[in-house]
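Undergrad: Just the structure for this:
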Amino acid sequence: METEMKSFDTDQDLSIHAQYMDERPRSEGLFGPDPHAPPDLDAVKSIMRHHDGHVWQGVFSLAEEDAVTLGYGDGQQWRDLTRRSLARLAEEGMGLRPGEYHWVAAHHREPGHPHVHFLMWQDDAAPRRRAMLSKDELRKARQAVSKEVYGPLRTQITMEKTIMRDLIVAEARDTIRPSEKTADRVEQTLEKAERELVATGRLEKDVLAPTSWPAIDVAELNDKLTALSQKMPGKGRAALAFMPEEVKREARDIADWVLSRPSLAKVRHQWEQSVDDLTSLYSSQPKRLQEAREKAYADLRDRVAQSVIQRAGDMDRTAKLGQLHVRQNVKSVFQSAFQAIQGEHLKAQAQAEVAKRRAVQQSAAEQRRDNERGW
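TA: Below you'll find the model as predicted:
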């Protein structure tokens, strides 16, 4: 985004510029703070000729593809954005309070870089401020406009960063192999992080990873990992993609078994619901919903199977270190499965939220176009 501002002395006639803003090709005409009372060009030109004070002229523009991505596809969206941006610019960038200034603007649908021109001036009765904006004020003015322009994108990026942080935590749990001296400290740190997420509303208490897993499941998974480890190559990366087909099949079978455990049923149900919710935004056909669910499950199963491969590859090493390490190694498969399900659940929720927001914006834009056409 580009933002520009200039100050003009009162002896410079900006009425010509006001007329240019209103009448140039691809202009949608003058507008102001009140959406129900568009400015009169002749009245604005008279003010520009006779105003006893300074006038600030500005423009902000976006590349066309950025405007579309951010949801500023029509004139109404640009007008709404301008009203929010100039209110923030006046207060945060120029120190002007509501009622101390006036402005008019015009949106120009210029191919490649749609933009808005504006003129701003102080009320005659308002305390005067100096004409020129300092470098710091210009910086604040640009920041103020940017906050409004990039608000939707910032929300989406924050959501995506949240998802990535959760996935990084999951990967960390997959890869951390604590020594016996640090095992308790690592577990306490993870539990503290989860409590903080609960306190800030990021996670619900009833979907936190269980602090313990059924002993019978741990024992059975230990046997499965031991058997798998004897079939794995002795060299090379412990990665599902590089394993022989027999090992891949067995790792996926183990992943299926892990994902079917009752201790994971609740978070898995939430994930399945979020996948269905996301898919239903694009199709209501049962076949399409089933295909999406199967693909999502296959992706999730391979993430868990990767953890199975890693832990099976560690069975010999942890056996030499003692039973504590063996149990931690086996339990980490359940933990990583939980985190994988939760990560996919959060991702699907975020994708659905973004899709819904875009659908609302598109519907509103279509409705405005229909109204403008008189349909």
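Undergrad: alpha carbons only for contacts and neighbour counts from here, please
TA: Fine.
Undergrad: Pass me the low-pLDDT residue ranges in the protein, would you?
TA: By pLDDT under 70, the weakly predicted segments of the chain are 1-12, 69, 124-129, 150-211, 236, 350, 353-354, 356-365, 367, 370-375.
Undergrad: would you list every one of the helices in it?
TA: 15-23, 41-50, 64-70, 75-88, 94, 135-149, 151-175, 180-199, 215-229, 245-259, 265-280, 286-313, 315-321, 323-373 (DSSP state H).
Undergrad: Same list (the ones you listed) but as a markdown table, adding mean neighbour count and distance to L119.
TA: Formatted as a markdown table, the helices of the chain follow (neighbours: other C-alpha atoms under 10 Å; distance: least, C-alpha to C-alpha, whole Å):
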| stretch | mean neighbour count | distance to L119 |
| --- | --- | --- |
| helix 15-23 | 18 | 8 |
| helix 41-50 | 16 | 9 |
| helix 64-70 | 16 | 22 |
| helix 75-88 | 19 | 10 |
| helix 94 | 18 | 14 |
| helix 135-149 | 18 | 14 |
| helix 151-175 | 16 | 24 |
| helix 180-199 | 13 | 46 |
| helix 215-229 | 17 | 71 |
| helix 245-259 | 18 | 62 |
| helix 265-280 | 18 | 44 |
| helix 286-313 | 19 | 52 |
| helix 315-321 | 15 | 72 |
| helix 323-373 | 18 | 26 |
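Undergrad: Out of the ones you listed, which is closest to Q57?
TA: With C-alpha to C-alpha as the criterion, Q57 lies closest to helix 15-23 of these, at 9.4 Å.
Undergrad: Next, the angle helix 41-50 makes with the closest one.
TA: Relative orientation of helix 15-23 versus helix 41-50 (axes from the mean of the first three to the mean of the last three C-alpha atoms, to 10 degrees): 160 degrees.
Undergrad: hang on, the earlier thing: nearest to F118, out of the helices of the chain?
TA: With C-alpha to C-alpha as the criterion, F118 lies closest to helix 15-23 of the helices of the chain, at 8.2 Å.
Undergrad: mind exporting that closest one as CSV, just the C-alpha atoms?
TA: In CSV, the C-alpha atoms belonging to helix 15-23 read as follows (Å, rounded to 0.1, in the frame of the first residue of the first chain):
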residue,chain,number,x,y,z
SER,A,15,-11.1,23.8,-6.1
ILE,A,16,-9.7,22.5,-9.4
HIS,A,17,-8.3,19.4,-7.6
ALA,A,18,-11.8,18.8,-6.0
GLN,A,19,-13.4,19.0,-9.4
TYR,A,20,-10.7,16.6,-10.8
MET,A,21,-11.4,14.1,-7.9
ASP,A,22,-15.1,14.2,-8.7
GLU,A,23,-15.2,14.2,-12.5
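Undergrad: Okay, and the beta partners of the closest residue to H107 other than its chain neighbours?
TA: Spatially, and ignoring its direct neighbours in sequence, H107 is nearest to V116 (4.5 Å; C-alpha to C-alpha, 6 or more residues apart in numbering). V116 has these beta-bridge partners by DSSP bridges: F60, H107.
Undergrad: To what extent is V116 buried, counted in neighbours?
TA: V116: 22 surrounding residues under other C-alpha atoms under 10 Å.
Undergrad: Roughly how far does G322 sit from A238?
TA: Applying C-alpha to C-alpha, to the nearest Å, the value for G322 to A238 is 22 Å.
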